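Student: Here is a sequence together with a model predicted from it:
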Amino acid sequence: MSKIKIIQTASIIDRPEDQKRTIKALGLGRPRWEKIHNDTPQLRGMINKVKHLVKVEVVKE
């Protein structure tokens, strides 16, 4: 299974509560935090919800 690195690029201050909870569920919380996850359809849906707050990179294995 491929892996992706999610990097938070913007703050969650003054964002709707559902976006704050999605960022927390991704394991992020502050700008420049990053996390590596397996690439799944559920994760892609979460990323799509907060795409304006994160950057996604594919991790080479």
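Tutor: Everything's here; your move.
Student: gap between Val58 and Gly29?
Tutor: Distance, Val58 to Gly29, using CB to CB, to the nearest Å: 23 Å. The C-beta positions use only the backbone N, C-alpha and C, and glycine is treated the same way.
Student: Then Ser2?
Tutor: Separation of Ser2 from Gly29 (CB to CB): 24 Å.
Student: which one of these two has more residues nearby?
Tutor: Gly29 (13 against 10; other CB atoms under 10 Å).
Student: Just to be sure, that one is in a strand?
Tutor: No - under DSSP: H, G, I helix; E, B strand; the rest coil, Gly29 sits outside any strand and is assigned coil.
Student: Next, give phi and psi for the nearest residue to it once chain neighbours are set aside.
Tutor: Leaving aside its sequence neighbours, Gly29 sits nearest to Ile23 (CB to CB, 6 or more residues apart in numbering; 6.6 Å). Backbone dihedrals for Ile23, given as degrees, to the nearest 10, come out at phi -60, psi -40.
Student: Please name the residues that touch Ile23.
Tutor: For Ile23, the set of contacting residues under the criterion of CB atoms under 8 Å, 6 or more residues apart in numbering consists of 8, 12, 29, 50, 53-54.
Student: Going by distance to Asp39, which of these wins?
Tutor: Sorting those by how near they are to Asp39, with CB to CB, puts Val54 at the top with 14.1 Å.
Student: So what's the predicted local confidence for the closest one?
Tutor: The predicted structure scores Val54 at 98 on the pLDDT scale.
Student: where does this structure dip in pLDDT?
Tutor: In the predicted model, the chain carries no residue with pLDDT under 70.
Student: Helices of the chain, residue ranges please.
Tutor: Ranges of helices within the chain are 17-25, 41-49, based on DSSP state H.
Student: So which of the ones you listed is the most surrounded?
Tutor: Relative to the other members of the helices of the chain, helix 17-25 carries the highest mean neighbour count by mean count of other CB atoms under 10 Å, namely a mean of 14.
Student: who does the nearest residue to Gly27 once chain neighbours are set aside bridge with?
Tutor: Excluding its sequence neighbours, the residue lying closest to Gly27 (CB to CB, 6+ apart) is Lys35, at 4.1 Å. Counting by DSSP bridges, Lys35 is bridged to Ile6.
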